[in-house]
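# pasting the sequence and the predicted model now:
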Amino acid sequence: MTAGKLRVIIVGGAITGCTLAAALQDVASEIVVLERNPSAKAMDLEQGGAGLALLQSSNAILRSDLLLPQGIKGSDVRSARHEGEGNVMRILSWTTGQVGMSIPSPGETRTVHRKTLTKALYEIAIASKAPVTFKWGKTAARIDTTKGIVETTDGEVLEADLIVGADGVRSCVRTAILEASGLPVASSVPLGVSCARWSLRDDEVPEKTRECLRLPSDKSQGYGNTTFHCDSQRLVTYRMRDDGLLNSILYFYDSFVPPSLATQDRPSATSWRQAGSTALLKKLIDESNPAEPLAQLLAAPQQVGLWQLRKYVPLPTWSHGNAVLLGDAAHPMAPFQASGSSQAIEDVEAFVHALVASRKDGEPLSKALDDFYKLRFLRASIVQAISDRTPFPQDLLQQSQKQSQEKAPPVPDEARNHPSYREAAERVEEAMKSHSIDLCSPTVARFAMVYPGVKRFVEDYPKLVLGSTPRL
């Protein structure tokens, strides 16, 4: 198809799906978003207790006219502000609480509550020029990438010119694209690290913790990102909303989880939303000698979310026929360096530019999908590798990975040994080598955090674009 506006189906209605629905308003005649949650309110509840950071790259895109003519302001998403000397990443000793390193953030930082951001993007999407319909309680069961057909588990059949997989880590659209391309579907393996997350209202933050974090009296302001670190644990905490809501995420080796722990209190390999007790936090307080402000923070929550981090290989393709992948469906990220949300927003910007350029030139949809992969594959895959590296010592991390993978169910090696997957991995390795990207460098995260937008990126990093640079 080369003429007229597109009928679009987006599978997944969270941050990636809502952002794209709003951004496609000038090229789509109608947009249908399929979301497995039964309602917008249910999706809000499901995303409770999770914060994220919007760094220089995603902030610049959201402030542009991609979604709204006037851009999205911090007040639109109730973000916490980190300004001046407070726009900093501080690394503190786990046992003493003393500051070991203080790194100014590269550019503007906003921290937000995931559900607050999703809600704002949803409201922008449904108010856009193109008719946008959210179909709640819908899960895709079958996808014909060539004919543009999606059949849901309740039997509804929908047809579109473009199908977008914005359905996250366990993407059904990804499976359909890979199978239609004649490629094996790659499985994830344990990264060797698990997480616990929780949030505290401002009046629940212990006083010594508040002093250590340097939280301003103005609840809408934060003091950057504070990290308590040692070789075996890492806790990152920051204000994530204008009412002072504090987000905390704790990283620890899988081996720290005792076999005796109840199933519901063990990190899940399938869901970051699993709710568990605070048994692991109490174990940390007893065994790791945390500094008093940190110990009080670990003792404060009544419940935590638990999940095991997984590692994914770069995909040989993100599209087939009329279907394409964006965000975690294309390149799942571990939750380091604010990678997931930022990369999804970068994807949307690049995809819209590629789509608009191909439509202006009267080119087929396949050209836009190919150009999008060329523009984004290497950058997103390098950031994926950076997020997988984690901030732990490499020897200890590798030991933990080995132990976790030995305990996990056997994973078929068909994908990892497939020539197309090997070629994709080699492209990423060669790109990192040619651009001197050292995963062990303490400054490597800057590559993930700083991004000038797709048009400037292709000028600054032409060798990180596959093949000839697409015209944008």
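That came in fine, so what should we check first?

# centroid-nearest residue for this protein?
Centroid-nearest residue in the chain, with Cα atoms, centre = their mean: Gly340, separated by 1.6 Å.

# got the contact list for it?
With contact set as Cβ atoms under 8 Å, 6 or more residues apart in numbering, Gly340 has these partners: Leu52, Gly327, Asp328, Pro332, Met333. Every residue, glycine included, has its C-beta placed from N, CA and C.

# can you count the residues close to the nearest residue to Gly86 once chain neighbours are set aside?
Ranked by Cβ to Cβ, 6 or more residues apart in numbering and with sequence neighbours excluded, the top spatial neighbour of Gly86 is Tyr223, at 4.4 Å. As a burial measure, Tyr223 scores 20 neighbours (other Cβ atoms under 10 Å).

# now Arg471
Neighbour tally, Arg471, other Cβ under 10 Å: 13.

# distance check, it against Tyr312.
31 Å (Cβ to Cβ, to the nearest Å).

# for this protein, which strand is longest?
strand 189-200 (DSSP state E).

# can you tell me the strand partners of it and which way each runs?
strand 246-253 (antiparallel), strand 304-311 (antiparallel) (DSSP bridges).

# pull it out as PDB, backbone CA atoms only.
C-alpha atoms of strand 189-200 as PDB (Å, rounded to 0.1, in the frame of the first residue of the first chain):
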ATOM      1  CA  VAL A 189      17.800 -17.000  30.000                       C
ATOM      2  CA  PRO A 190      18.300 -15.700  33.600                       C
ATOM      3  CA  LEU A 191      20.600 -12.700  33.900                       C
ATOM      4  CA  GLY A 192      21.600 -13.900  37.400                       C
ATOM      5  CA  VAL A 193      20.000 -10.900  39.100                       C
ATOM      6  CA  SER A 194      16.500 -10.400  40.600                       C
ATOM      7  CA  CYS A 195      14.700  -7.300  41.800                       C
ATOM      8  CA  ALA A 196      12.400  -6.100  44.500                       C
ATOM      9  CA  ARG A 197      10.500  -2.800  44.000                       C
ATOM     10  CA  TRP A 198       8.200  -0.700  46.200                       C
ATOM     11  CA  SER A 199       7.000   2.800  46.700                       C
ATOM     12  CA  LEU A 200       6.400   5.000  49.800                       C
END
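
# and that strand, average pLDDT?
For strand 189-200, mean pLDDT rounds to 91.

# circling back: quick check: which element contains the residue nearest to the centre of the chain?
Assigned by DSSP states H and E, Gly340 falls within helix 339-360.

# what's the following helix or strand after that helix?
Taking DSSP H and E, what comes next after helix 339-360 is helix 365-389.

# who are the packing partners of that next one?
Using 3 or more Cβ pairs under 8 Å, 6 or more residues apart in numbering; DSSP states H and E, the elements in contact with helix 365-389 are strand 319-320, helix 339-360, helix 419-434, helix 445-449, helix 454-460.

# show me where the stretch 1-150 of the chain has its helices.
Assigned by DSSP state H, counting those that start in this stretch, the stretch 1-150 of the chain shows helices spanning 15-23, 40-46, 56-63, 114-126.

# which among those helices is found nearest to Arg427?
helix 56-63 (22.0 Å; Cβ to Cβ).

# same question for the closest one, mean pLDDT?
On average, helix 56-63 scores 86.

# looking at the protein, which helix or strand is least sure?
Sorting the helices and strands of the chain by mean pLDDT, DSSP states H and E puts helix 40-46 at the bottom, at a mean of 66.

# Gly321 is in contact with Ala180, correct?
Yes. Using Cβ atoms under 8 Å, Ala180 is in contact with Gly321, at 6.6 Å.

# overlap in contacts, these two.
Common contact partners of Ala180 and Gly321 (Cβ under 8 Å, 6+ apart): Thr145, Thr146.

# what residues does the residue nearest to Ile126 when sequence neighbours are not counted make contact with?
Distance criterion Cβ to Cβ, 6+ apart; nearest residue to Ile126, sequence neighbours excluded, is Val132 at 5.2 Å. Applying Cβ under 8 Å, 6+ apart, we find Val132 in contact with Ala21, Glu30, Ile31, Val32, Val33, Ala125, Ile126.

# just among those residues, which is most surrounded?
Going by other Cβ under 10 Å, Ala21 tops those with 30 neighbours.

# skipping its backbone neighbours, what lies nearest that one in space?
Ala125 (3.8 Å).

# hang on, that neighbour packs against Leu24?
No. Contact between Ala125 and Leu24 fails when scored by Cβ under 8 Å: they sit 9.1 Å apart.

# identify the contacts common to those two.
Contact criterion Cβ under 8 Å, 6+ apart; residues shared by Ala125 and Leu24: Ile31.

# strands of the stretch 151-300 of the chain, start to end?
Taking DSSP state E, counting those that start in this stretch as the criterion, the stretch 151-300 of the chain carries its strands at 157-159, 162-165, 189-200, 225-229, 233-239, 246-253, 275-276.

# of all those, which one comes closest to Tyr373?
Comparing the strands of the stretch 151-300 of the chain by Cβ to Cβ, strand 162-165 comes nearest, at 13.2 Å.

# how does the protein divide into domains?
Domains of the chain are assigned by automatic domain parsing as 6-81+111-188+313-464, 189-311.
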